[in-house]
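1. Just the structure for this:
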Amino acid sequence: MSINVIEKNKQENIDLLQIEQLSDLPISKTDIVVIEPNSTISIMMRKFLVKVGFENIQICKEAKEGIQIFSHFISNDINTPIIIDSGSNKNLKKIIKEILEIQPNAKAIISSAKERDNPEILKLFDIGITSTLHKPFILEDFKKCFQQTNEDEESESRTKAIITEPKEVPATEPKEVPATELESLLLSHNQITFTKFKDIYNIERTRAEKIFNNALSRKLITPHKEISEAACSQCNSTNITYTSECPQCGGTNFQQKDLVEHYDCGEIYVKGSDYKTCPKCNKQIGSVGTDYREFAGYHICSSCNERFDRPLFKFSCLSCGNSFIDVMALWKKSKLYKIQK
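-> Residues are numbered from 1 along each chain as shown. Below you'll find the model as predicted:
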């Protein structure tokens, strides 16, 4: 287990090594800095960024290291974009202001699960961010984002070259992740299935089997049980995420509440501390089962006031960008493993 601790420590400090080496790197039009604490999301973002033409992708877990790296990419001729995870620091506004102090016309992009028209996101536009990337990510959003952030004529022509004419600016293939790093990623989970691990980190089955067998032989992981996992209806990958929405308006601002139906007047209302008094007829509702009944676990949308027992689940595939509703999902059986901490 001590080897794993060392490897994880190396991974966490890789950004500091990058900072030391950056002074020797020439600034390129295909540089980008990303502040993202989640390793799984970082791997997926790197893949999408490569597809839209970025080559030198500096990914940091901490905002402090990301800003340090960004400061090395300042150039009069080139404006290096920086993507900031909205949850990477509690004081997001301070981070953005610090970036804009380094480079006033910086292309600061926020990655967030919140919609672009969310009041909190709109305030960030007032500060000076140029665009947003909505989670869960899809490739088309990355393309649109970098089309929107290029406003001057030179940047527009460069964006067209790397997005619509990829043959003229060939993207480099991502380097193969070393086995020791993959093992550290495996051990960073509390539990994970073989299939999801293989799909998340985009590795071949034989290589994944070797990593799992090695971890099993050293008793770093233990098999738990076989489960079924949702998979993409297009590419069959289990590397998917989902959002839940109101079936009526598509809003995401809803809460789970218990409801009460008063038989005498037919009123259905949220069960509160004073639920025994009906808000419609102002009478005591009587005994449960005889005079009223309860509905447990209903949802109430704050946007349209719709009441529903189950939200609409929408899946997004992080491997191919496909979006689909839950009834379209495929199901795959896989062995679940627990990681020994």
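
2. Domain boundaries for this protein, per the record?
-> What automatic domain parsing lists as the domains of the chain is 2-163, 179-242+313-339, 247-310.

3. Quick one: those domains as TSV, columns for mean pLDDT too.
-> TSV is the format used below for the domains of the chain (pLDDT from 0 to 100):
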stretch	mean pLDDT
domain 2-163	73
domain 179-242+313-339	89
domain 247-310	86
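
4. Make CSV from those and add mean neighbour count to it.
-> To be clear about C-beta, it is placed using only N, CA and C from the backbone, and glycine gets the same treatment. Formatted as CSV, those follow (neighbours: other C-beta atoms under 10 Å):
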stretch, mean neighbour count
domain 2-163, 17
domain 179-242+313-339, 17
domain 247-310, 14
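
5. What does residue 105 show for phi and psi?
-> phi -100, psi 30 (degrees, to the nearest 10).

6. Which residue ranges of the stretch 1-150 of the chain form strands?
-> Secondary structure of the stretch 1-150 of the chain (DSSP state E, counting those that start in this stretch): strands located at 31-35, 56-60, 82-85, 108-112, 131-134.

7. among the ones you listed, which is nearest residue 199?
-> strand 56-60 (20.0 Å; C-beta to C-beta).

8. Could I get the full set of helices for the chain?
-> 2-12, 14-22, 39-51, 63-71, 92-102, 119-127, 139-148, 153-163, 179-187, 194-200, 205-217 (DSSP state H).

9. follow-up on the earlier one: of the strands of the stretch 1-150 of the chain, which approaches residue 255 most closely?
-> strand 108-112 (20.8 Å).

10. any idea of the pLDDT on residue 169?
-> Listed pLDDT for residue 169 reads 44.

11. Tabulate the strands of the stretch 1-150 of the chain (TSV), appending distance to residue 99.
-> Formatted as TSV, these follow (distance: least, C-beta to C-beta, whole Å):
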stretch	distance to residue 99
strand 31-35	9
strand 56-60	13
strand 82-85	6
strand 108-112	5
strand 131-134	14
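
12. Let me see the residues that make contact with stretch 293-301.
-> Contacts with stretch 293-301, where a contact means C-beta atoms under 8 Å, 6 or more residues apart in numbering, come from 246, 248-249, 251, 253-261, 263, 268, 270-271, 288, 306-311.

13. swap the cut-off to 10 Å and go again
-> Stretch 293-301 has contacts (C-beta atoms under 10 Å, 6 or more residues apart in numbering) with 244-263, 268, 270-271, 275, 288, 306-311.

14. Show only the entries of the residues you listed found in strands.
-> Among the contacts of stretch 293-301, the residues falling in strands (DSSP state E) are 244-245, 254-262, 268, 270, 307-308.

15. tell me which of these is nearest to residue 237?
-> Nearest member of these to residue 237, counting by C-beta to C-beta, is residue 244, at 20.7 Å.

16. Can you name the residues that contact the closest one?
-> Each residue near residue 244 by C-beta under 10 Å, 6+ apart is listed here: 252, 254, 299, 310-314, 326.

17. Mind picking the two most distant members of those?
-> 254 and 326 (16.7 Å).

18. any idea how far residue 67 is from residue 101?
-> 10 Å (C-beta to C-beta, to the nearest Å).

19. ok, now residue 187?
-> 39 Å.

20. again, but for residue 107
-> 15 Å.

21. With residue 225 instead?
-> 53 Å.

22. Nearest to residue 214, out of the strands of the stretch 1-150 of the chain?
-> strand 56-60 (26.1 Å).
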